[in-house]
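S.K.: Dropping the sequence and predicted coords here.
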Amino acid sequence: MDIKELANRIYDLDQMVYSSLGSALGHVFNRDRDKAVSEMVALMQDANGEHALRSRLALISNMARTIPDKELHKKAMTEYDLILKDLRDIPHGIGNLPLLDKDQANLNELYLKNRFPEGQHLIICISRSFGSAGNDIGFLLADKLQINYYDAEIFSSVMKRLEAAQDHVSDYSDMNEQSLDLLVKPNSPKEHESFSQRVKRTYRYHGLNTRDAFFFNQSDLLCDLAKKRDFVVMGRCADRIFTSNAIPHVSIFITAPLELRVQRVMRLNHIDHWQALRLVRKIDHTHASYYRYYTGRKWGNAGNYDLCLNSSAYGVEGTVDLILQILGK
């Protein structure tokens, strides 16, 4: 597999989707071809670059699904599917790091259950312990369902764009369809703020600190998205946000035995066992603290979710297939 050729195909797909939509918000890859291709090649060669590459592909597919012309839509999505297939065939490709306990997998049976009444948008909220392949599962699930995928990087991007436009729109409902789907890469860090700029920002957030303001604005955006389309969302306390707003959804928690997660993080990040264990515990603690702060609930407690899954019992694709069968898809 020629990864440089594959990177060029991704770049061409981004350009095709952009030209089909004619949006003024920008490309996913807005630098020149050589720099963008070089960046993608580097991500493909590094197992740790999987998350960044997956998020960029999700941005392109989210946009491609909004192309109004049926022929162009079909062409874009067909090429996207082929690219995703080829990416899985390369070493360290998307979803290629194993996480499967075969003995446990043989004990499992699949049960079918319809979760949503007819006419409701399919909204799937996935929380996950670090190293359990939760992001791989969420991305593949969205791809198989052909619905949008939103993760932390994507939300950070769109929130920065919306913040920049806040002086010109009264709320998120003013954003058009393409504005909500055309989620670009994060902007560069802000330069040092002057006193007047800090005052303006404080006024804009009605006295809330930036973290809380981001959370509440993000909550508004999630609720607005839920009125318009189906999607998979990773983390963001989305399950509690939708519950509080009486929005139907499925909440899923994905985990795996600690040692298997540590081993996966070791392979993914090229670090030793002690470093991986420390990283897993630190990130899990951060997730738990964030969830408790904004929801008052215990992160990872089975009673707080519709479905809890041990991804090592099924592997990435097996976990996705199980979720699809439970949803009756």
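M.R.: Ah, there it is.
S.K.: how about the strands in the stretch 51-200 of the chain?
M.R.: Ranges of strands in the stretch 51-200 of the chain, per DSSP state E, counting those that start in this stretch, are 123-128, 148-150.
S.K.: What of the stretch 201-329 of the chain?
M.R.: 231-234, 250-255, 307-310.
S.K.: Least confident of the strands of the stretch 51-200 of the chain, on average?
M.R.: Within these, confidence is poorest for strand 148-150, with a mean of 91 (mean pLDDT).
S.K.: counting contacts, what elements does it pack onto?
M.R.: Where contact means 3 or more C-beta pairs under 8 Å, 6 or more residues apart in numbering; DSSP states H and E, strand 148-150 is packed against helix 50-64, helix 134-145, strand 231-234. The C-beta positions use only the backbone N, C-alpha and C, and glycine is treated the same way.
S.K.: Each with direction, which strands does it pair with?
M.R.: The pairing partners recorded for strand 148-150 under DSSP bridges are strand 231-234 (parallel).
S.K.: Distance of Ile247 relative to Ser129?
M.R.: 25 Å (C-beta to C-beta, to the nearest Å).
S.K.: Those two: which has the busier surroundings?
M.R.: Counted by other C-beta atoms under 10 Å, Ile247 and Ser129 do not tie: Ser129 has more neighbours, with 20 against 16.
S.K.: Can you give me the distance of the nearest residue to the more buried one once chain neighbours are set aside to Gly134?
M.R.: Distances taken as C-beta to C-beta, 6 or more residues apart in numbering put Thr255 closest to Ser129, at 4.2 Å, once the chain neighbours are dropped. Per C-beta to C-beta, Thr255 is found 8 Å from Gly134.
S.K.: joint contacts of the two?
M.R.: 128, 311 (C-beta atoms under 8 Å, 6 or more residues apart in numbering).
S.K.: So if I had to pick from the two, which one is more boxed in?
M.R.: Taking neighbours as other C-beta under 10 Å, Thr255 and Gly134 compare with Gly134 leading, 25 against 22.
S.K.: Tell me the confidence at that one?
M.R.: Taking Gly134 on its own, its pLDDT is 94.
S.K.: Apart from its chain neighbours, what residue comes closest to it?
M.R.: Leaving out its chain neighbours, the residue that sits closest to Gly134 by C-beta to C-beta, 6+ apart is Arg128, at 2.4 Å.
S.K.: Just list whatever residues bridge to the one you found.
M.R.: Arg128 has these beta-bridge partners by DSSP bridges: Ile254.
S.K.: in the chain, which spans are helices?
M.R.: Taking DSSP state H as the test, the helices found in the chain are 3-21, 33-45, 50-64, 70-88, 102-105, 134-145, 152-164, 177-181, 195-204, 210-226, 238-244, 258-269, 273-295, 315-326.
S.K.: Turn these into CSV, including distance to His121.
M.R.: Formatted as CSV, those follow (distance: least, C-beta to C-beta, whole Å):
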stretch, distance to His121
helix 3-21, 22
helix 33-45, 32
helix 50-64, 15
helix 70-88, 20
helix 102-105, 32
helix 134-145, 12
helix 152-164, 18
helix 177-181, 14
helix 195-204, 30
helix 210-226, 6
helix 238-244, 11
helix 258-269, 32
helix 273-295, 22
helix 315-326, 17
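S.K.: which stretch in the ones you listed is the model least sure about?
M.R.: Among the helices of the chain, helix 177-181 scores lowest, with a mean of 38.
S.K.: contacting residues around the nearest residue to Ala238 once chain neighbours are set aside?
M.R.: Spatial nearest neighbour of Ala238, chain neighbours left out: Cys125 (4.2 Å); criterion: C-beta to C-beta, 6+ apart. Neighbour list for Cys125: 233, 238-239, 242, 249-252 [criterion: C-beta under 8 Å, 6+ apart].
S.K.: hmm, try it at 10 Å
M.R.: 138, 222, 231-243, 249-253, 305-306 (C-beta atoms under 10 Å, 6 or more residues apart in numbering).
S.K.: any idea how far Lys228 is from it?
M.R.: As judged by C-beta to C-beta, Cys125 and Lys228 stand 16 Å apart.
S.K.: Would you check how far apart the closest residue to Val41 other than its chain neighbours and Glu317 are?
M.R.: Nearest residue to Val41, sequence neighbours excluded (C-beta to C-beta, 6+ apart): Ala7, at 5.1 Å. Counting by C-beta to C-beta, the gap from Ala7 to Glu317 is 25 Å.
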